[in-house]
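Novice: Pasting the sequence and the predicted model now:
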Amino acid sequence: MAPAKSNTLTVNGRQYTLSEFMPEVVPLAKELASNARLLADSPLPVDIDLSEVEQREVQAQIPAILILPPQVISIFWSAFASAHLPALASALRRLSHATQRQALSTAIQILSLLPDPKENPYFRKFLRSPTASKGIPNIVANAFVQGTTWKRPSGPGHHCTLIIHTLFWCDPKDGDDGKACVDAGIRTALASAVQSLLESINDNNALAPDKAREFTLQRVEMERLLGVLQGIDSMPGSHFLDSTRGYLVGQVDDVCGGDMCGEEAEMWCSKCKTVRYCGEKCQAWHWKNGHKFACFKTDY
């Protein structure tokens, strides 16, 4: 079995147990969703954008979360993804780029800061759900085409990584040509927009020096997205994404085969339904050695 992760952490020189932190994680996740106006009981009215005060609250909370110890950050994003991704998706579907650009940009920023779906099973489960993630790949890709407000610590590279995640994990049949979950016309416009931004980064006169340095750091993900888009269109049907997703799926979900005993796993965790085990012994070990801190129910 894999070595147990530490159940203690140090914040500002003081040691805490994860059990002491857990009661704070769920309220923190709900606070972020509330500040971004994602909750169903307080949606933004039609054509009304986030206020400056609301924007400041969100942009102050995100850096505060990201300076926490890595294990706590991981648990925070699991709590957020398990409870609030459907609401975030609903917000993205109803927000207007023309009149609610700040709210749209903030929702995409939060989505782009989620850990890689390989590492966050709730994000992975959301993207693989044909109903929960329906329409989101097109919305996120089209937002890049139309232009969004980059909000630190996110940026164009994070946005491109998010688009790659949707392409890899969502069903290609959701797109209009069956090759990818993002429609063909949007993919073409997206490739043009990414290429144009890369060219502007290469032009030292096009961006202020601080912006040029900042965008250069995210160049790799922008170029990676271009490579993925080229791969999609160079192969027949959805072969490129089907093969990629098959490879990724083989690396996740199965805790026993991946990290522990090596046995075939067929038993899902009955609460979160994001990890599989070969039997009760491995499930009990995993629960005691970290899973209980990141096990949440979902509605998707």
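Specialist: Ah, there it is.

Novice: and the host helix or strand of Val58, how far out from the chain's middle?
Specialist: Here Val58 sits within helix 52-66, counting by DSSP states H and E. Chain-centre distance of helix 52-66: 18 Å, with C-alpha atoms, centre = their mean, to the nearest Å.

Novice: Counting neighbours, show which residues of the next helix-or-strand element following it come out buried.
Specialist: Per DSSP H and E, the first helix or strand lying C-terminal to helix 52-66 is helix 70-94. Neighbour counts over helix 70-94 (16 or more other C-beta atoms under 10 Å) mark 71-72, 74-89, 91-92 as buried. To be clear about C-beta, it is placed using only N, CA and C from the backbone, and glycine gets the same treatment.

Novice: Give the rounded mean pLDDT of helix 70-94.
Specialist: In this model, helix 70-94 has a mean pLDDT of 95.

Novice: ok, then the element right after that helix?
Specialist: Counting by DSSP H and E, the element after helix 70-94 in chain order, helix or strand, is helix 101-113.

Novice: could I get that next one in PDB with only the CA atoms?
Specialist: Taking C-alpha atoms only, helix 101-113 is exported to PDB below (Å, rounded to 0.1, in the frame of the first residue of the first chain):
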ATOM      1  CA  ARG A 101     -18.400  40.200 -18.600                       C
ATOM      2  CA  GLN A 102     -17.000  40.400 -15.000                       C
ATOM      3  CA  ALA A 103     -19.200  37.700 -13.700                       C
ATOM      4  CA  LEU A 104     -18.500  35.500 -16.700                       C
ATOM      5  CA  SER A 105     -14.700  36.100 -16.300                       C
ATOM      6  CA  THR A 106     -14.900  35.300 -12.600                       C
ATOM      7  CA  ALA A 107     -16.800  32.100 -13.100                       C
ATOM      8  CA  ILE A 108     -14.200  30.900 -15.700                       C
ATOM      9  CA  GLN A 109     -11.400  32.000 -13.500                       C
ATOM     10  CA  ILE A 110     -12.700  29.800 -10.600                       C
ATOM     11  CA  LEU A 111     -13.200  26.900 -13.000                       C
ATOM     12  CA  SER A 112      -9.600  27.400 -14.400                       C
ATOM     13  CA  LEU A 113      -8.100  27.200 -10.900                       C
END
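
Novice: For the helix or strand hosting Leu226, C-alpha coordinates in CSV please.
Specialist: Under the criterion of DSSP H and E, Leu226 resides in helix 219-234. Presented in CSV, the C-alpha positions along helix 219-234 are these (Å, rounded to 0.1, in the frame of the first residue of the first chain):
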residue,chain,number,x,y,z
ARG,A,219,2.8,30.5,-23.5
VAL,A,220,3.3,26.8,-23.0
GLU,A,221,-0.3,26.0,-22.3
MET,A,222,-1.5,28.2,-25.2
GLU,A,223,0.8,26.3,-27.6
ARG,A,224,-0.3,23.0,-26.1
LEU,A,225,-4.0,23.9,-26.9
LEU,A,226,-3.0,24.7,-30.5
GLY,A,227,-1.4,21.3,-30.7
VAL,A,228,-4.5,19.6,-29.3
LEU,A,229,-6.8,21.4,-31.8
GLN,A,230,-4.5,20.4,-34.7
GLY,A,231,-4.6,16.8,-33.5
ILE,A,232,-8.4,16.8,-33.4
ASP,A,233,-8.7,18.0,-37.0
SER,A,234,-5.9,15.9,-38.4
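
Novice: how much space between the most centrally placed residue in the chain and Val275?
Specialist: Closest to where the C-alpha atoms of the chain average out (C-alpha atoms, centre = their mean) is Leu114, at 3.7 Å. Look at Leu114 and Val275: by C-beta to C-beta, to the nearest Å, they are 18 Å apart.

Novice: Then Cys170?
Specialist: Taken as C-beta to C-beta, the span from Cys170 to Val275 is 21 Å.

Novice: next one: Ala189
Specialist: 38 Å.

Novice: who has more neighbours, the two?
Specialist: Using other C-beta atoms under 10 Å as the criterion, Ala189 and Val275 rank with Val275 on top: 21 against 16.

Novice: Show me how this protein divides into domains.
Specialist: Domain assignment for the chain by automatic domain parsing gives 8-252, 253-300.

Novice: Among these, which one carries the weakest average confidence?
Specialist: domain 253-300 (a mean of 84).

Novice: chain center to that domain: distance?
Specialist: 21 Å.

Novice: next one: stretch 75-87
Specialist: A distance of 10 Å separates the centroid of the chain from that of stretch 75-87, by C-alpha atoms, centre = their mean.
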